[in-house]
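*Asks:* Give me coordinates for this.
(one chain, ligands or ions: 2)
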Amino acid sequence: MIELEDVWKIFGTDEQAVLAEARRSVPDDAVLKRLRAVIGVGGASLSVEKGELVCLMGLSGSGKSTLVRLINRLLEPSAGKVRIDGGDILSLGPRALRELRSRRIGMVFQSHALLAHLSVRDNVALPLEIRGVARTRREDRADELLVRVGLDGLGDRRVAALSGGMQQRVGLARALAADPDILLMDEPFSALDPLIRHDLQTQFMALSRDLGKTTVFVTHDVDEAFRIADRVVLMRAGRIVQTGTAADLVAQPADDYVRRFVQNARLPARAQDPIVKARAIA
Ligand code: ADP
Ligand code: MG
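*Replies:* Numbers count the residues shown, from 1 in each chain. Ligands and ions are numbered 1, 2, ... in the order given. A predicted model of the protein is given here:
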């Protein structure tokens with residue numbers, strides 16, 4: 001469903017010069033400083049299957065947000081290929097790109113960017129309103145989604161009156177409004193208290209299974225990644241260091257960075273987890 005092939009994102013004035021340098025060998029910090037460049041993502045290749053839930057994990061600054069934004073071309077890659085369902089998205093014109101983003105890819109951020117002056121229902125229905133869907137239809141759809149994310153009956157509330165956890169649920173419902181195939185989620189639960197985060201993870205896993213969404217989920221929290229992901233992609237300094245199941249990363253860490261990252265993680269008994277079981281059956 002999603003394919004990245006040797007994708008690079010250089011931040012700086014002369015992307016191509018830095019790219020040429022970086023392709024020869026991993027440039028050290030002094031070189032990057034001299035070139036006034038940052039390698040946001042360096043040579044990342046990744047395929048995500050339909051219905052799969054992949055977590056991008058890594059320390060702050062390791063390139064997770066950059067990578068996830070390259071998938072819907074919120075960022076223009078310096079090099080490489082990005083395909084959605086086999087189609088090259090780098091060749092899309094502005095209109096086709098807007099279509100792709102509004103119909104096929106839903107996105108949820110840590111800061112949910114909801115409109116505080118609108119009701120919960122209107123926030124969820126907003127992507128449909130922009131697409132010109134009639135009021136009753138979009139409101140029915142919003143109410144249906146509010147039930148799915150556990151906000152049954154709260155459609156008339158002001159967003160500002162909700163807790164952080166509830167606001168993230170509204171953000172998720174809004175991302176689902178257009179029934180996209182793909183969900184991109186950038187640390188959606190990271191700012192929440194542990195208990196609330198745990199509840200949202202549980203509910204999100206069930207939802208993602210029921211709806212069959214292909215999901216790329218960013219988190220710096222190894223326990224979160226191990227709990228929810230089918231596969232984990234560990235990043236460091238813009239590079240993908242290892243891709244595999246939680247069990248793979250624990251059993252065969254590619255290097256010391258991976259080993260240190262995963263050594264204190266709780267490895268959930270995924271095979272026993274009723275949600276994971278149901279996912280596998282579905
Ligand atoms: P993460 O999400 O893993 O914390 P990011 O993808 O946000 O990491 O950032 C990766 C690297 O790219 C960091 O060094 C960051 O400072 C840099 N970076 C991100 N966005 C920009 C930008 N717009 N301009 C310059 N540097 C950036
Ligand atoms: Mg980030």
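
*Asks:* Return the residues of the stretch 1-150 of the chain in contact with ligand 1.
*Replies:* Taking CB under 6 Å from any ligand atom as the contact definition, the stretch 1-150 of the chain meets ligand 1 at 11, 38, 40, 58, 60-66. Using the backbone N, CA and C atoms, a C-beta is placed for each residue, glycine as well.

*Asks:* now for those, which pair is the farthest apart?
*Replies:* Phe11 and Gly58 (16.9 Å; CB to CB).

*Asks:* Neighbour count for the two, which is higher?
*Replies:* Gly58 (25 against 15; other CB atoms under 10 Å).

*Asks:* any idea which helix or strand comes after whichever strand or helix holds Val68?
*Replies:* Taking DSSP states H and E as the definition, one finds Val68 inside helix 64-71. With elements assigned by DSSP H and E, the helix or strand that comes after helix 64-71 is strand 79-84.

*Asks:* packing partners for that next one?
*Replies:* strand 2-11, helix 64-71 (3 or more CB pairs under 8 Å, 6 or more residues apart in numbering; DSSP states H and E).

*Asks:* how long is stretch 248-259 from one end to the other?
*Replies:* Stretch 248-259 stretches 11 Å from its first residue to its last (CA to CA, to the nearest Å).

*Asks:* Which parts of it count as buried, going by neighbours?
*Replies:* 248-250, 253, 257-258 (16 or more other CB atoms under 10 Å).

*Asks:* How about that stretch and ligand 1, touching?
*Replies:* No - figure legend: stretch 248-259 not in contact with ligand 1 (CB under 6 Å from any ligand atom); closest approach 13.9 Å.

*Asks:* mind checking how far that stretch is from the chain centre?
*Replies:* Remark: stretch 248-259 is offset 23 Å from the chain centroid, using CA atoms, centre = their mean, to the nearest Å.

*Asks:* quick check: mean pLDDT across that stretch?
*Replies:* The average pLDDT within stretch 248-259 is 92.

*Asks:* on that earlier part again, now, which of the buried residues of stretch 248-259 lie within strands?
*Replies:* Using DSSP state E, the subset of the buried residues of stretch 248-259 located in strands is empty.

*Asks:* how about the residues you listed, which pair is most distant?
*Replies:* Comparing every pair within the buried residues of stretch 248-259 by CB to CB identifies Asp248 and Tyr257 as the most remote, at 15.2 Å.

*Asks:* which residue ranges form the strands in the protein?
*Replies:* Under DSSP E, the chain gives strands at 2-11, 38-48, 53-57, 79-84, 87-88, 105-108, 182-186, 214-219, 231-236, 239-244.

*Asks:* Would you mind giving the ones you listed as a markdown table with mean pLDDT added?
*Replies:* Converted to a markdown table, the strands of the chain look like this (pLDDT from 0 to 100):
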| stretch | mean pLDDT |
| --- | --- |
| strand 2-11 | 96 |
| strand 38-48 | 94 |
| strand 53-57 | 96 |
| strand 79-84 | 96 |
| strand 87-88 | 94 |
| strand 105-108 | 91 |
| strand 182-186 | 95 |
| strand 214-219 | 96 |
| strand 231-236 | 96 |
| strand 239-244 | 96 |
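
*Asks:* Any chance of JSON lines for the ones you listed, columns distance to Phe204?
*Replies:* Output for these, formatted as JSON lines (distance: least, CB to CB, whole Å):
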{"stretch": "strand 2-11", "distance to Phe204": "18"}
{"stretch": "strand 38-48", "distance to Phe204": "17"}
{"stretch": "strand 53-57", "distance to Phe204": "9"}
{"stretch": "strand 79-84", "distance to Phe204": "22"}
{"stretch": "strand 87-88", "distance to Phe204": "27"}
{"stretch": "strand 105-108", "distance to Phe204": "10"}
{"stretch": "strand 182-186", "distance to Phe204": "8"}
{"stretch": "strand 214-219", "distance to Phe204": "8"}
{"stretch": "strand 231-236", "distance to Phe204": "16"}
{"stretch": "strand 239-244", "distance to Phe204": "21"}
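
*Asks:* so which of these gets nearest Val133?
*Replies:* strand 105-108 (15.5 Å).

*Asks:* Off-centre distance for the closest one?
*Replies:* Worked out by CA atoms, centre = their mean, strand 105-108 lies 8 Å from the chain centre.

*Asks:* Give me the sheet partners of that strand and which way each runs.
*Replies:* Strand 105-108 has the following sheet partners, assigned by DSSP bridges: strand 182-186 (parallel).

*Asks:* I am finished for the moment; much appreciated.
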